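Enquirer: what would the 3D arrangement of this be:
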Amino acid sequence: MIQLLNYGNTNCYYIKGEKGSILIDTDWAGTLQAFYKKVKELNISNIDYLLITHYHPDHMGIAQDIIDNMNVKLLVVDVQKDYIHCSDQIFEKNNNIRFNSITVEPLIISCKDSREFLKGLGIDGEIIYTPGHTDDSISLILDEGIALVGDLYDLNSAIAFNDEKINNSWNKILSHNISKIYYGHHEQNISNIKI
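Expert: Now for the predicted structure:
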């Protein structure tokens, strides 16, 4: 089950498996109260893991707050571990006193091991490395034909960019027989596509 948590500028997603749950992305620092309101509205009582698609400020801004206040574990893919603090300087420069830098030790897994990890939560799928928007971008692919891609440029933009890295990431995603794509910012968070 996937639920959209749209409480700011970024589409965040809650995925509940039979044995556990994952929150995909957060929003800017300062959106914690709006997050709580949305979680209550959707009757979400427990979040086991937080997975961030890439470490830009609008996708990780309240990560540490959620971790501290809801006893959530940070799940990081090994290709992301050097990027966890890349937004700290942006928040400091803007003098954003509501930002709390990530201080917890994350659980680090590889894309190769992601299927087994997700299966332990009762979620059928895998995490794949999809650079293009950033070098730490990952996407969650669910076996039911759904891709959660964060800020990876949409298919129409990807064609216009004609960038090899972006094209390779989309080819990896589409090789999984995807029928729905969940983006990080689109007005319509679901795009139906036919392959």
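
Enquirer: what about the strands in this structure?
Expert: With DSSP state E as the criterion, the chain has strands at 2-6, 11-16, 21-24, 49-51, 73-77, 107-109, 125-129, 138-142, 146-148, 180-182, 190-192.

Enquirer: could you tell me the least trusted of those strands?
Expert: Here the strands of the chain differ in mean pLDDT, and the lowest is strand 190-192 at a mean of 50.

Enquirer: from residue 89, how far out is the residue of the chain positioned farthest from its centre?
Expert: Most distant residue from the mean C-alpha position of the chain: residue 95, 25.1 Å away (Cα atoms, centre = their mean). Per Cβ to Cβ, to the nearest Å, residue 95 is found 12 Å from residue 89. C-beta coordinates here come from the backbone N, C-alpha and C atoms, glycine included.

Enquirer: can you give me the helices in the protein?
Expert: Along the chain, counting by DSSP state H, helices occupy 32-41, 57-60, 63-70, 88-93, 111-120, 155-161, 164-174.

Enquirer: buried residues of the last one, list them for me.
Expert: The neighbour-count criterion (16 or more other Cβ atoms under 10 Å) identifies 166, 169, 170, 173 as the buried residues of helix 164-174.

Enquirer: if we can go back for a sec, okay, the strands of the chain in TSV with mean neighbour count and distance to residue 161 next?
Expert: Output for the strands of the chain, formatted as TSV (neighbours: other Cβ atoms under 10 Å; distance: least, Cβ to Cβ, whole Å):
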stretch	mean neighbour count	distance to residue 161
strand 2-6	16	26
strand 11-16	21	21
strand 21-24	23	24
strand 49-51	23	25
strand 73-77	20	24
strand 107-109	14	30
strand 125-129	21	18
strand 138-142	25	17
strand 146-148	24	18
strand 180-182	20	17
strand 190-192	13	17
